[in-house]
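Undergrad: What follows is a predicted structure for the sequence shown.
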Number of protein chains: 2
Amino acid sequence: MYTSPVDDILFTLNHIAGLDGDASVDADIVEAVIWEAGRFCDATIAPAAARGDKEGSKLANGEVRSPTGWPEIYRAWAAAGWNGLAAPMEAGGQGLPHRLQIAAMEIWNGGSMAFALAPMLTAGAAEALAAHGSDALKARFLPKMVSGEWTGTMNLTEPHAGSDLGTLRTRAERRDDGTYRIFGQKIYITWGEHDFTDNIVHLVLARLADAPEGTRGISLFLVPKFIVNEDETLGARNDLFCHSIEEKLGIHASPTCTMIYGDGRFGEEPGAVGYLIGEENRGLACMFTMMNNARLAVGAQGVAMAEAATQGALAYARERRQGKAPGAATASPIIDHPDIARTLLTMKALTQGSRAITYLCAEAVDRAHEAEGDEKRHWQDRAALLTPIAKSFPTDVGVEVASLGIQVHGGMGFVEETGAARLLRDARIAPIYEGTNGIQAIDLVTRKLPLGDGAHVRGLIAELSAIAKAVTSVEGDKGAWGETAARLDKAIGELITATDWLQSELAAGRLAAALAGATAYQRLFGLVLSGVLLAKGAAVVVEDGRQPQRIALARFFAENLLGETAALADAILHGANSLEAARIALN
Amino acid sequence: MYTSPVDDILFTLNHIAGLDGDASVDADIVEAVIWEAGRFCDATIAPAAARGDKEGSKLANGEVRSPTGWPEIYRAWAAAGWNGLAAPMEAGGQGLPHRLQIAAMEIWNGGSMAFALAPMLTAGAAEALAAHGSDALKARFLPKMVSGEWTGTMNLTEPHAGSDLGTLRTRAERRDDGTYRIFGQKIYITWGEHDFTDNIVHLVLARLADAPEGTRGISLFLVPKFIVNEDETLGARNDLFCHSIEEKLGIHASPTCTMIYGDGRFGEEPGAVGYLIGEENRGLACMFTMMNNARLAVGAQGVAMAEAATQGALAYARERRQGKAPGAATASPIIDHPDIARTLLTMKALTQGSRAITYLCAEAVDRAHEAEGDEKRHWQDRAALLTPIAKSFPTDVGVEVASLGIQVHGGMGFVEETGAARLLRDARIAPIYEGTNGIQAIDLVTRKLPLGDGAHVRGLIAELSAIAKAVTSVEGDKGAWGETAARLDKAIGELITATDWLQSELAAGRLAAALAGATAYQRLFGLVLSGVLLAKGAAVVVEDGRQPQRIALARFFAENLLGETAALADAILHGANSLEAARIALN
């Protein structure tokens, strides 16, 4: 059973993501929030995860029934105030740093990824509304989305328009009263319909008839399941419904809905009533505000899956006895076998590296929020640069570590009863949604490397280099660090080489060559960040007695996992030619 | 929909696994067998796979009902003579090379892994019986196991005894008539009960009361579901039954049974009637004969999953249009995006590399079978050395490629409808059963590297080195090979360094250090074999017009995937210290 890793989370928040000594939030509050979140999750959400997976959410007559007990859990969770953790106080939120929100997200996801998706989507929708909605619209919808009394959804995808939103066809028509009517079909709408709450607030991308083609002609609408009256009571059912839900590999408890807008099922005339958010044809910009933070939250899902898988594998490996480890006289716990120990350390190191990256990105979001002027720009760029890495690396790690977790369990891992298989099934979606990791890599290389005329990424790498130099010259047992310093230095060098090469290919207009190495570069960057941040954490002296373990894990990462960076840099610099030549092999 | 890759299979059999020009089998027969197997699979097995997965096998009142239509498919398959492909002619088989059996196995698995498991287990059981059974026992059971009229199973695992068979507790008691009575519980028995055939022949490992402890006290018994009378009619139901079947991540159509022997449910007195195979207390040796080939067959499952995933992803990527690839004016098929092309090439290259390794190992099995004296010993050692690699590398690749296949499909990959998710679910068992890949790595390092006083592995590497030198100096377009020669040379050098280091650690008695790198070494060996064998195939001039594609893929493998070997060699040589030091991080 998953136990929220409160100590590791607090350590990472404080010593890697800079909350320690941060004047904007009291240390006691940070600790209390994380401890209480962990307590709620471990007592209530985590125990419901297996049942939720087995029962799944079911659609009947347009209504979705969530698993037994889940509506009550959701309502208890919202009633405890968890939904508004990072929302602004003026909207009824607690105005805490985004780092706490991401840490709490990790916790909810560790308990049940299917459950956590409902608040995750609500947070995204609320954020877009808060940033771009009119005061009237906010007044009517935001408080209940912040309290969790209503949930929110994001309606982007259509059957022919996934990554390529420019081609979407859902229509919006203006009405004289300033509202719009929405017509169309959206797919893959997470928690698009359910029995948690009495209203659901859909944010829908659609196109006006006179809109420009492509992404410049997309508008964002708020389309509630039930119309909200002036007096805040619920009015008529809006003309939208859930047509079907997907049969998926994982996150079974979370209904993935096909939503139909405006086919006339409800209301006097066809058309779902929608309210414009922001300006006409500027919908994508509104969506992007939200998408960055959603991407970061998906990264936290990867961390959560990796954490849960690591916990499960560790517990099993301590108990299960098979064969004699070197030097043992009788059957050993399998954790004693070097190969299993290596696997478990790999899982643990990748998990903690992923957590560090995710929280570091959340720190940049917080600082961009607080700062002004040039400094604000700096932190906005930092968040922008880290987001694709923080979405992709932890989600790839989530799949990788969940798969290793099955392997540690042997045959038991393939049997659903242990829960190891569920983690892989759930984790597998995270590299796909909110922009596939391939899309993230394109974003990283083509939009983020050029930030600040290419200077921003070099600044970050210089910081990493400085951290690497500093950590390995700290006081204490030098031997314990092994070759960490040299390994970090080498990996950072490879990151620099790859960055320079990509920037020069981009400058020369050789886009295909740069893109050929984009995924490898994204992984390379994630590995270097993980290695450096683990070492940074290990260098911090906290009186918790865990420093020897942290140094050992940072060293393990540097000496065993960082070697991949050379191969990645090599594939980036030299692989593009053979990739083009090899296209004929796909015919 | 999966289409049996007949051309690739024949090419690999002929030009990598030496069937071309092999005097023991007519080229026309090879071609006819593979073509016909492909035809049967594509028309009959593959179309039943999705339904089989969805329905699954169900247990009710001790009877297992397989998915709709499956018993008929199995019987048609057996009636067509497919079960006895490589079985000796004196037992009613066709006596064809083992390579053909493995190639056919790949085909059945590509159609449906759950289906192919039934004949796979039967083949293993029949092989152990043929090699070690008495003439009387063989006369009674072998012909129907070869024809497929009855299936066979392997009963090794018990709840506390998976990899560690020495601790198994199933009891055998001698009876005066020379038979035995078997008592105990076995788990994870694939196709342990079903409705394909009217009898099932269980091979069961058990322990006599006076047997020595550990693995030297295990005997092998044949325990039929129904007693077979002297006149070959079926007699009484034997005292065994299927107690439950597992709810698993994948291979849903294949029942994974808990079998209870001798609890008195059937017969006059408790005890399942068993017949000794081979000698008392020598059961493990009998089982090992069979297990090597079963491991190779599991490797073929990995190849099949990777092949099916690659086909599915390729078809989807050609059709799905999203975004503009570099230089494109309108939305491109996603195969045109460099990142997707790289993914597809990686999938294809890993699949073909895995196939090459698997068939090469099957060739060694064939040659060991045919040769005599020193030559026999040489090929036995070769098969023994290649088996752990041929089991582990393709099964890891199966998982990796199936996961990439989901990714290429985007959101559609996570929806069960496309079948991409099923491939990952099915593929995930292969690195676990028939000895986890970690166990294979221990076997490779501790038992196979020492073969011939360490000379055998060096001989194989020298052969690889010679092939690598030869292929890249062939006639033709030198430019097309790119840096293939240098890359192969470097990777082989790393394999040599790692091999030398492991052998010296073993010689010095530093077992833990050697085992710490075992999995990395196994992967390193698999990558080098793949790279060299793909290049070997690419150098062959066959008038099929495909040589440019083969060279391009071999080059892609060398320039893009072989870079991992340096990191692996590094982790083997330098990772052991930090692994030991890092154990504290697991506390």
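TA: Received the coordinates, thanks. Numbers count the residues shown, from 1 in each chain, chains lettered A, B, ... in the order given.
Undergrad: on contacts alone, who are the packing partners of the longest strand seen in chain A?
TA: Taking DSSP state E as the criterion, chain A has its longest strand at strand A:180-190. For strand A:180-190, the elements it packs on are helix A:113-132, strand A:151-155, strand A:171-174, strand A:200-208, strand A:219-224, strand A:240-245, strand A:256-261, strand A:272-277, judged by 3 or more C-beta pairs under 8 Å, 6 or more residues apart in numbering or on different chains; DSSP states H and E. To be clear about C-beta, it is placed using only N, CA and C from the backbone, and glycine gets the same treatment.
Undergrad: got a list of what A:P47 touches?
TA: Contacts for A:P47 (C-beta atoms under 8 Å, 6 or more residues apart in numbering or on different chains) come out as A:M1.
Undergrad: which residues are in contact with stretch A:532-548?
TA: Applying C-beta under 8 Å, 6+ apart, the contact partners of stretch A:532-548 are A:7, A:11-12, A:15-16, A:349, A:352-353, A:356-357, A:360, A:464, A:467-468, A:470-472, A:474, A:476, A:480, A:484, A:488, A:492, A:550-551, A:553-554, A:557-558, B:584.
Undergrad: just stretch A:8-26 next, same as before
TA: For stretch A:8-26, the surrounding residues in contact (C-beta under 8 Å, 6+ apart) are A:27, A:30-31, A:34, A:38, A:96-97, A:99-100, A:103, A:106-107, A:352, A:355-356, A:359-360, A:362-363, A:366, A:370, A:533, A:536-537, A:540, A:542, A:544, A:546.
Undergrad: how does it look with 6 Å?
TA: Stretch A:8-26 is contacted from outside by A:30, A:34, A:97, A:99, A:103, A:355-356, A:359-360, A:363, A:533, A:537, A:540, using C-beta atoms under 6 Å, 6 or more residues apart in numbering or on different chains.
Undergrad: picking up where we left off before, return the most buried member of the helices and strands packed on strand A:180-190.
TA: Among the helices and strands packed on strand A:180-190, the stretch with the highest mean neighbour count (mean count of other C-beta atoms under 10 Å in any protein chain shown) is strand A:151-155, at a mean of 28.
Undergrad: Give me the most central residue, chain A.
TA: Geometric centre of chain A, nearest residue: A:V298, 1.5 Å, by C-alpha atoms, centre = their mean.
Undergrad: quick one, phi psi at A:T436?
TA: phi -60, psi 160 (degrees, to the nearest 10).
Undergrad: On the pLDDT front, check it for me.
TA: Looking at A:T436, its pLDDT stands at 96.
Undergrad: any idea how far it is from chain B?
TA: According to C-beta to the nearest C-beta, to the nearest Å, A:T436 stands 6 Å off from chain B.
Undergrad: possible to save the helices and strands packed on strand A:180-190 as CSV with mean pLDDT and distance to A:I389?
TA: What follows is the helices and strands packed on strand A:180-190, written out as CSV (pLDDT from 0 to 100; distance: least, C-beta to C-beta, whole Å):
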stretch, mean pLDDT, distance to A:I389
helix A:113-132, 96, 19
strand A:151-155, 96, 22
strand A:171-174, 98, 35
strand A:200-208, 97, 26
strand A:219-224, 98, 27
strand A:240-245, 97, 32
strand A:256-261, 98, 26
strand A:272-277, 98, 29
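Undergrad: Tell me which of the ones you listed sits nearest to chain B.
TA: Ranking the helices and strands packed on strand A:180-190 by proximity to chain B (C-beta to the nearest C-beta) places strand A:256-261 first, at 8.0 Å.
Undergrad: Run me through the strand neighbours of the closest one, direction for each.
TA: Strand pairing for strand A:256-261, using DSSP bridges, gives strand A:180-190 (antiparallel), strand A:240-245 (antiparallel).
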